[in-house]
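> Build me a model from this:
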Amino acid sequence: MTLYWIVSSEDEPQQKISNHDLAYWITENSKMVALRPIVDTIALTIRAKDAHQCLAGGALSVGLPTVLLDYNECWKEVWKRLHLASGSDQFPTLSASKRRIPGYRHNLDVRLPGVPGVPLISYPTHLSDKAPLRLEFNANKLGQSGLLQLETVWNEVVGPLLPFRALFADARVTRLDVAIDLLNLDICDLFAHHQKLWKIWTVYHPDTGIQTIQHYIKHGNKKSPYLNPKSRADLLIYDKREEQDAVGLKPEYGVVPHVRIERSNDTNSKLVNLKKWKPNFDGWSFVRVDNASGKTKAEWSRYVDTIRVRGIQRAHMLHEGMPSTFIELAEQLPQDIIQPEFWELWQNELSREAVGLLTDWAIAGVKSAFEPAD
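Below you'll find the predicted structure:
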């Protein structure tokens, strides 16, 4: 079944939203909707100690050199094969990446035919307390078919040394970004706040206004808020429609405003336990500018715009009768963005596409990866 959503412009065709993608209608009157939460970027650190033990137990049967029974030597050989492959015409999918990951000197892009997004393989120059391998990709873009292509590339390069599926039994999820898409809501009409917010970096265009808002929570190792942000934001809000248009893609929902919320989570959870994990939106409030509490939407819009430039205290002084604290703001404007329906859908999200297949491999364990296929 497909839901048809009529956009406000009579010149635009109906926009289709499938039941699979829809989380819920925010309001029937304004036709604002929220789509299901998706796993965006996921990063795994891999030590593969279980895989190496399994390899060592059956090394003679696969004819590997005895030296590779040593864990350190095994990883050195893996790095060597990756390095040689990245500069070889035999593996055009692998190339040196311009992306940089702290602690990992070597970074390889994996460009898979027909797959949007580019997975990143990272490894250090020598063994230390860092995991010997890091894998990062956009799970929503990669999907199961892309993950299977990535497996093929890895196994062609590394061979039986450490089969791709064997890597994940003791892998850890060190980063997991959750994305929530909102349709028919302008980015300037969405306001986010956290009780421990430290700084907010906002990008705007002089003609079209706000494009991206990066929110940073206070951490023990914080630096001056006047420095440029070099680490990823704890919460990112951006105009997804403008982003698609800027990179030459046809906006998925036409002229309909499309805002994305991305929450970046440092989980350090074992991949095998990922299905028990839930995103952390604790402490975040999301309000949408509306004509509520006896004020018009225009009055609320001007007030919220002033907060972004002058802070809430001075905004309160300039706009009579408006809230003087963020708690009051959340009480007077609709706070209905993050709903329980999201987390009812979340378990389904962790079972589908690339993430679901990864966790299945992790649960199956390393022995299944070394066993010959029937």
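
> Can you report how many residues lie near the residue lying closest to Tyr238 once chain neighbours are set aside?
Excluding the flanking residues, the one nearest Tyr238 by C-beta to C-beta, 6 or more residues apart in numbering is Thr212, at 4.2 Å. To be clear about C-beta, it is placed using only N, CA and C from the backbone, and glycine gets the same treatment. For Thr212, the neighbour count with other C-beta atoms under 10 Å is 17.

> For the chain, just list every one of the helices.
Using DSSP state H, the helices of the chain run over 49-57, 59-62, 71-86, 139-158, 240-246, 297-310, 312-318, 326-332, 340-349, 353-364, 366-370.

> Surely Gln332 is in contact with Ser324?
No - look at Gln332 against Ser324 with C-beta atoms under 8 Å: they stay out of range, at 11.3 Å.

> the more surrounded of the two?
Each of Gln332 and Ser324 has its neighbours counted (other C-beta under 10 Å); Gln332 has more, 17 against 12.

> what's that one in contact with, if anything?
Applying C-beta atoms under 8 Å, 6 or more residues apart in numbering to Gln332 gives the contacts Ala292, Ser293, Pro323.

> which of those has the most neighbours?
Going by other C-beta under 10 Å, Pro323 tops the contacts of Gln332 with 19 neighbours.

> how many neighbours does the closest residue to that one other than its chain neighbours have?
In space, and not counting its chain neighbours, Pro323 is closest to Leu329: 4.4 Å by C-beta to C-beta, 6+ apart. Here the count is done by other C-beta under 10 Å, and Leu329 has 23 residues near it.

> got it, and Asp186?
Asp186 is flanked by 17 other residues according to other C-beta under 10 Å.

> Ok, Lys295 next?
18.

> what's it in contact with, if anything?
By C-beta under 8 Å, 6+ apart, the neighbours of Lys295 are Gly321, Met322.

> Lowest average pLDDT across the helices of the chain?
Among the helices of the chain, helix 59-62 carries the lowest mean pLDDT, a mean of 48.

> okay, and the helix or strand of the chain with the least pLDDT?
One helix or strand of the chain scores below all others by mean pLDDT, DSSP states H and E: helix 59-62, with a mean of 48.

> any idea how far Trp360 is from Lys275?
Wrong residue type there; residue 360 is Asp, not Trp. Per C-beta to C-beta, to the nearest Å, Asp360 is found 10 Å from Lys275.

> let me fix that: Glu73
Glu73 is 35 Å from Lys275, by C-beta to C-beta.

> what bits of the stretch 1-150 of the chain have low per-residue confidence?
Scanning the stretch 1-150 of the chain with the threshold set as pLDDT under 70 gives 1-15, 28-30, 58-64.

> can you give me the strands in it?
2-5, 15-18, 22-27, 32-35, 38-46, 94-96, 106-110, 120-123, 133-138 (DSSP state E, counting those that start in this stretch).

> Make a markdown table from these and add distance to Asn155 and mean neighbour count to it.
As requested, the strands of the stretch 1-150 of the chain are exported to a markdown table (distance: least, C-beta to C-beta, whole Å; neighbours: other C-beta atoms under 10 Å):
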| stretch | distance to Asn155 | mean neighbour count |
| --- | --- | --- |
| strand 2-5 | 39 | 13 |
| strand 15-18 | 34 | 14 |
| strand 22-27 | 37 | 16 |
| strand 32-35 | 35 | 22 |
| strand 38-46 | 15 | 22 |
| strand 94-96 | 13 | 16 |
| strand 106-110 | 13 | 19 |
| strand 120-123 | 13 | 22 |
| strand 133-138 | 14 | 22 |
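
> Leu84: neighbour count?
Leu84 has 13 neighbours, counted by other C-beta under 10 Å.

> mind listing what it touches?
With C-beta under 8 Å, 6+ apart, Leu84 has no contacts at all.

> That one and Leu94: what is the separation?
Counting by C-beta to C-beta, the gap from Leu84 to Leu94 is 10 Å.

> now Leu162
Where Leu94 is concerned, Leu162 sits at a distance of 16 Å (C-beta to C-beta).

> Contact partners for the closest residue in space to His205 that isn't next to it in sequence?
Setting aside the residues directly before and after it, His205 is nearest to Gln211 in space (C-beta to C-beta, 6+ apart), at 5.8 Å. Contacts for Gln211 (C-beta under 8 Å, 6+ apart) come out as Ile187, Val203, Tyr204, His205, Tyr238, Asp239, Glu242, Glu243.

> Please identify which of the strands of the stretch 1-150 of the chain is closest to Thr306.
Across the strands of the stretch 1-150 of the chain, Thr306 has its closest neighbour in strand 32-35 (23.6 Å, C-beta to C-beta).

> and for the closest one, what are the contacting residues?
5, 17, 21-26, 180-185, 288, 337, 339, 342.

> ok, now stretch 151-171?
44-52, 54-55, 62, 64, 68, 74, 77-78, 81-82, 85, 91, 93-94, 110, 112, 133, 135, 150, 270-272, 358, 361-362, 364-366, 368-370.

> Let's see that with 7 Å instead.
Stretch 151-171 is touched from outside by 44-51, 54-55, 62, 64, 68, 74, 77-78, 81-82, 85, 91, 93, 110, 271-272, 358, 361-362, 365-366, 369-370, with contacts defined as C-beta atoms under 7 Å, 6 or more residues apart in numbering.
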